[in-house]
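Visitor: Compute the structure for the input listed below.
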Amino acid sequence: MDRITLEDIKFMNLALREAYRAKGKTLPNPAVGAVVVKDGRVISTGYHKRAGLPHAEVVALERAGDRARGARIYVTLEPCNHYGRTPPCTEKIIRSGVKEVVIGVRDPNPEASGGVERLKGAGIEVKVGVLKKRCLELIDDFTVNVLKNRAFLNLKIASTLDGRIADRNGNSKWITNEASRRYVQRLRSYHNGVMVGIGTVLKDNPKLTVRDFPVERQPFAVVVDRELRIPTNCYLVKERAKELIVVTSQESLLTYKAGILKDLGVRLLPVFDLGDNLDLKEALEKLKSEVGIYSVLCEGGSRLAYSLLSENLVDKLTLFYSPKIVGNEGVPMFGGNVGELPQEEKFKLIRSSRFYSDTLLVFIDRELYYKGLQT
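Guide: Model (predicted):
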């Protein structure tokens with residue numbers, strides 16, 4: 001394994017910070033950051049702004065110009081080695097004259113991989129695996145798109161200490177504090193779809209928009225509504241019809257309500273009705289292939305959360321705990337019976353932090369996590 005220095009960690013952290021400036025804006029491409037360093041000093045930085053524009057390495061190297069010769073470049077993701085909407089980054093790196101490339105994680109996309117081998121073949125030193133886990137989390141949406149050919153699903157839950165997401169009357173404002181809620185706005189900006197169940201729409205009349213953070217366009221609102229119970233006078237239909245996707249059953253398309261919603265500009269996405277619930281795997285596949293939604297933040301409710309977990313569709317679990325107690329009559333996190341105690345761990349804890357009194361725990365699907373580590 002390559003020897004990782006404190007300097008490597010320092011500059012890869014900077015590359016990660018650059019990449020997160022466009023997290024959620026580059027889809028379907030991954031977010032990537034790069035830093036050019038010479039004699040221990042930062043020469044230039046760059047990040048991939050959106051699909052079709054120059055990649056992070058190209059931006060950083062063009063800013064560096066002739067100063068890149070003999071320098072080292074840090075990049076969060078293996079430089080691409082194929083012709084897509086832009087030329088291969090490996091060729092730009094080779095022509096720049098840099099002496100070493102330090103990479104966070106290798107590309108999970110087989111069409112774009114091979115950059116490491118191409119750079120080594122050109123006589124450039126290559127180091128791989130610096131802050132690998134953090135670089136993997138940066139591209140978790142892209143990895144799921146490639147490996148599972150569906151939209152990435154991040155399930156966000158705000159819970160009391162006793163595992164309740166609302167009181168006995170269904171009230172959930174506010175379980176978490178203002179700092180946690182502000183962080184959720186940033187989370188929304190990292191995804192191009194925000195999903196809720198019809199129960200949440202009927203109870204809270206949400207907007208599902210990003211507030212407090214600048215976005216070029218708002219994420220799509222996705223409502224799982226088997227029987228098209230969504231009110232035509234709710235905020236999402238009245239104000240965001242052209243950004244609203246309603247996942248429903250095939251049978252619901254034949255109803256009078258379906259025609260009204262279509263006339264208002266709402267897009268209906270039919271999937272197979274499994275009896276107790278809709279086929280959410282098909283929904284995530286169609287969101288990616290038919291709508292262009294590559295990354296979904298699901299914010300409730302209880303029954304939808306359980307369905308996603310039971311169908312093994314939760315790639316990431318973002319769990320906020322507030323030091324409050326509701327009691328047995330409150331609404332549980334998951335509206336379903338798991339049954340016997342699972343014998344294997346489903347999720348891997350990758351990060352924890354505090355927002356004053358609230359605690360944030362971030363988990364990732366273990367299978368996805370270890371597949372990423374093997375790249």
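
Visitor: Would it be right to say that Pro270 lies in a helix?
Guide: No: assessed with DSSP: H, G, I helix; E, B strand; the rest coil, Pro270 is strand; it does not lie in a helix.

Visitor: Bridge partners for it, pull those for me.
Guide: Going by DSSP bridges, Pro270 is paired in beta bridges with Thr248.

Visitor: Hmm, it is touching Val246, no?
Guide: No: here Pro270 does not reach Val246: they are 9.5 Å apart, not a contact under CB atoms under 8 Å. Just so you know, the C-beta spots here come from the backbone N, C-alpha and C atoms, and that holds for glycine as well.

Visitor: neighbour count winner among the two?
Guide: More crowded of Pro270 and Val246, by other CB atoms under 10 Å: Val246, with 23 against 18.

Visitor: So the more buried one, which state does it fall into?
Guide: Quick answer, by three-state DSSP: Val246 is strand.

Visitor: check contacts around it.
Guide: By CB atoms under 8 Å, 6 or more residues apart in numbering, the contact list for Val246 reads 222-223, 225, 228, 230, 261, 266-269.

Visitor: now those in CSV, with neighbour count, secondary structure and distance to Ser113?
Guide: Shown next, in CSV, are the contacts of Val246 (neighbours: other CB atoms under 10 Å; DSSP: H, G, I helix; E, B strand; the rest coil; distance: CB to CB, whole Å):
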residue, neighbour count, secondary structure, distance to Ser113
Val222, 28, strand, 31
Val223, 27, strand, 37
Asp225, 22, coil, 40
Leu228, 21, coil, 44
Ile230, 20, coil, 43
Leu261, 22, helix, 43
Val266, 23, coil, 40
Arg267, 17, strand, 35
Leu268, 19, strand, 38
Leu269, 19, strand, 32
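
Visitor: Of these, which is the nearest to Gly46?
Guide: Closest approach to Gly46 among those (CB to CB): Val222, at 32.5 Å.

Visitor: Am I right that that closest one is in contact with His191?
Guide: No: the pair Val222 / His191 is not scored as a contact, 10.2 Å apart, by CB under 8 Å.

Visitor: do you know how far the closest residue to Ile198 other than its chain neighbours is from Ala241?
Guide: Spatial nearest neighbour of Ile198, chain neighbours left out: Asp225 (4.1 Å); criterion: CB to CB, 6 or more residues apart in numbering. The gap separating Asp225 from Ala241 is 14 Å, by CB to CB, to the nearest Å.

Visitor: Could you do Pro54 as well?
Guide: From Pro54 to Ala241 the distance is 35 Å (CB to CB).

Visitor: what residue is smack in the middle of the chain?
Guide: Geometric centre of the chain, nearest residue: Asp141, 4.4 Å, by CA atoms, centre = their mean.

Visitor: Doesn't that one belong to a strand?
Guide: No: with three-state DSSP as the criterion, Asp141 is assigned helix and is not in a strand.

Visitor: can you pull the contacts of it?
Guide: Counted by CB under 8 Å, 6+ apart, Asp141 has contacts 27, 30, 152, 190-191, 294-295.
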